[in-house]
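J.: A predicted structure for the sequence below; I have some questions about it.
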Amino acid sequence: MKYVLTSIIALAAMVYMGYHLYSMFKTGMTVEPVQSAEISNQLTLTGVIFRDERVVYGATSGGVVRMFSNGEKVSKNAVVAKIYDTLRTEDRTLSRIENDLSILAESNKISDTSTKNTDAKINKLYYTIRLKSEEGDYATVAEKTEELLILLNRREIIVNARLNFNTEIADLRAQREKIVSAATGEHEDVKTPVSGYFYSYADGYENVFTSEAALKLGYEDLSSLLESGAEKQSQEDGYAVGKMAQSAVWYLCMKTDRESAAGLSEGKTYPVSFPMASGSEIDFTLERIVTQNGGEGAVLVFSTSTLSADIGSARKQTVSVIQEKTVGLRVPVTAVRTNDEGEIGVFILKNDRTTFRKIQILTEQDGYCLVREFSPDEEGYSEMLHKYDNLVTSGKGLKEQKAEDDGETTEYEIRIFG
């Protein structure tokens with residue numbers, strides 16, 4: 001008898017599930033759980049780094065083996081590099097390996113897994129490289145080419161479901177170790193003249209893009225400084241092996257237009273993300289807004305005391321200034337409906353019935369709405385959409401189903417929003 005009862009229950013469950021699967025198939029209904037999301041109103045610009053830096057020189061030329069990573073704090077008189085005369089012929093190889101390691105490390109840092117967004121960035125970079133090449137701006141071409149390589153590598157990870165480039169990184173480190181271990185004889189220990197934060201690349205602008213220059217920057221000055229050209233290294237100085245940022249405080253300056261600048265306030269702190277550095281986000285204070293005399297341009301001068309090795313040593317960086325963040329529940333625009341009372345909402349699937357839930361739209365972007373998430377102690381909470389509700393994202397001939405006291409089910413027609 002027990003087995004018969006179990007079989008009857010199992011059969012009933014199968015019929016029950018089959019009925020609802022048929023109903024969902026008939027209506028073309030698709031369901032997904034409601035999740036929280038964030039939409040940012042942001043300005044994407046090219047930022048230029050200003051800070052007090054001092055180039056670290058070695059007295060001799062040869063193969064350079066650096067002892068610290070970018071952004072690492074180093075005390076005064078610490079050995080930051082060793083120069084081997086026996087590695088002189090390998091110096092270019094070591095530099096190439098260091099550069100490749102940097103590119104692959106950045107390639108591993110992915111914050112956006114959207115192929116569409118990545119392809120859009122690749123196309124934009126391609127045309128920027130092409131334009132700058134035609135203009136003869138080869139410094140920018142080299143800089144943007146590295147960014148392009150990083151994006152192409154990230155696309156490889158996204159499209160081919162590749163985990164990372166750790167195998168290639170390990171191979172390059174092994175190559176470097178093999179070269180370094182072969183070094184023999186005397187070498188020069190290069191020591192830091194000051195304490196600070198070490199960076200392996202000196203671009204010749206260390207005495208141009210200073211903290212003082214950032215605080216005195218006029219609208220035309222940013223372009224003038226960029227066009228002034230890097231300082232040429234003097235043989236009397238020695239051979240540059242890197243540089244020291246003498247203070248944790250640094251500045252980020254960028255050009256925009258008056259209208260965009262009007263949406264920002266001096267003295268206010270804004271999160272700034274670095275898309276090419278895995279989306280690393282740092283809080284900056286807007287020190288100054290410098291407007292163009294008789295024109296529509298403006299320069300923004302930000303400061304921070306937060307350092308990140310992820311950002312790298314490039315003087316110019318693509319940045320996004322986040323003006324405002326909106327947090328709420330993510331709802332596809334196609335799921336939004338309006339009922340006979342003119343109330344805007346969505347369907348959810350609850351207790352095997354389609355139920356209407358009201359929503360309060362905060363903003364809309366890229367085919368999705370961000371709606372307010374109500375707290376349980378607010379009035380009308382039970383009528384609103386909640387996190388983890390089973391949202392009906394699509395369906396044909398949907399109706400709200402309500403169970404009455406007598407057990408009957410009443411259906412209410414719902415119109416498509418808009």
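T.: The structure has been received and is ready for your questions. Remember, predicted model here, so these are calculated numbers, not experimental data. Numbers count the residues shown, from 1 in each chain.
J.: any idea whether Lys144 is helix, strand or coil?
T.: Secondary structure, DSSP: H, G, I helix; E, B strand; the rest coil: Lys144 is helix.
J.: dump the residue contacts of it.
T.: 125, 128-129, 132 (CB atoms under 8 Å, 6 or more residues apart in numbering). All C-beta atoms are positioned from the backbone trio N, CA, C, and that covers glycine.
J.: Just confirm His187 contacts Arg88, I think it does.
T.: No: checked against CB atoms under 8 Å, the pair His187 and Arg88 is beyond contact range at 11.2 Å.
J.: quick one, which of those two is more surrounded?
T.: Of the pair His187 and Arg88, His187 is the one with more neighbours under other CB atoms under 10 Å, namely 19 against 13.
J.: follow-up on the earlier one: find residues that contact each of His187 and Arg88.
T.: Gly62.
J.: from the contacts of Lys144, which two are the most distant?
T.: The span of these, defined through CB to CB, is set by Leu125 and Lys132 at 10.4 Å.
J.: Report how many residues lie close to the closest residue to Pro271 other than its chain neighbours.
T.: Leaving aside its sequence neighbours, Pro271 sits nearest to Ile322 (CB to CB, 6 or more residues apart in numbering; 4.5 Å). By the measure other CB under 10 Å, the count of residues near Ile322 is 17.
J.: Which pLDDT does the model give Ile322?
T.: What the model reports as pLDDT for Ile322 is 91.
J.: looking at it, it is touching Val272, isn't it?
T.: Yes: Ile322 lies in contact with Val272 (CB under 8 Å); the separation is 7.0 Å.
J.: any common contacting residues for those two?
T.: Common contacts of Ile322 and Val272 (CB under 8 Å, 6+ apart): Glu281.
J.: rewinding a little: now the contacts of Lys144 in TSV, with secondary structure, distance to Thr285 and neighbour count?
T.: Shown next, in TSV, are these (DSSP: H, G, I helix; E, B strand; the rest coil; distance: CB to CB, whole Å; neighbours: other CB atoms under 10 Å):
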residue	secondary structure	distance to Thr285	neighbour count
Leu125	helix	30	20
Thr128	helix	29	17
Ile129	helix	33	19
Lys132	helix	31	18
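J.: which one of those sits closest to Ala183?
T.: Closest to Ala183, out of all of the contacts of Lys144 and judged by CB to CB, is Ile129, at 37.0 Å.
J.: related to what we said a few turns ago, paired strands for the helix or strand containing the residue nearest to Pro271, with orientation please.
T.: Secondary structure assignment for Ile322, by DSSP states H and E: strand 316-332. Strand 316-332 sits in its sheet next to strand 35-50 (antiparallel), strand 269-274 (antiparallel), strand 368-371 (antiparallel), going by DSSP bridges.
J.: Go through it and flag the buried ones.
T.: 316-323, 328-331 (16 or more other CB atoms under 10 Å).
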